[in-house]
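>>> No letters, just coordinates:
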């Protein structure tokens, strides 16, 4: 079965899948995927661990409090996790369909 995608259209899809896999599906974030891109927030401990230089600069200049926000609600976090897993699943299915259409003839 073919989706009608030419090889020229398949290349951006593969590039986007690679970016998605590198950004969303990090092994230390599974399961479920990282929800920072959906909620727009990150825990202070996680920020301190992943962005130590920026965290230290904000603490030294006294600007850290300016960026602190409330934790996302439980439904928002749960919805973000469900959406993330759904998008990863749909993306992988589309990638498989493109590969079958491209290599299957």
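Right, received. Where do you want to start? The model shown is predicted, which means the values in this text are computed figures rather than measured ones.
>>> Following element in sequence after the worst-scoring helix or strand of the chain on mean pLDDT, please.
Sorted by mean pLDDT, DSSP states H and E, the helices and strands of the chain end with helix 7-24, the least confident at a mean of 51. Using DSSP states H and E, the helix or strand that follows helix 7-24 towards the C-terminus is helix 36-39.
>>> low pLDDT regions in the chain?
Along the chain, the parts satisfying pLDDT under 70 run over 1-32, 105.
>>> Roughly how far does the nearest residue to residue 44 once chain neighbours are set aside sit from residue 58?
Nearest residue to residue 44 in three dimensions, chain neighbours excluded: residue 68, at 7.6 Å (Cβ to Cβ, 6 or more residues apart in numbering). For every residue, glycine as well, the C-beta is placed using N, CA and C. Applying Cβ to Cβ, to the nearest Å, the value for residue 68 to residue 58 is 10 Å.
>>> Between these two, point out the one with more neighbours.
Applying other Cβ atoms under 10 Å to residue 68 and residue 58 shows that residue 58 carries more neighbours, namely 16 against 8.
>>> List the contacts of the more buried one.
Residues near residue 58 by Cβ atoms under 8 Å, 6 or more residues apart in numbering: 64, 67.
>>> how many neighbours does residue 82 have?
13.
>>> Please, which helix or strand holds it?
Following DSSP H and E, the helix or strand that holds residue 82 is helix 74-103.
>>> Now do the buried residues in that helix.
Going by neighbour count (16 or more other Cβ atoms under 10 Å), the buried part of helix 74-103 is 77, 80-81, 84, 88, 91, 95, 97-98, 101-102.
>>> Repeat that for stretch 34-47.
Across stretch 34-47, burial judged by 16+ other Cβ under 10 Å covers 34-36, 38-39, 41, 47.
>>> farthest pair in those?
38 and 47 (16.5 Å; Cβ to Cβ).
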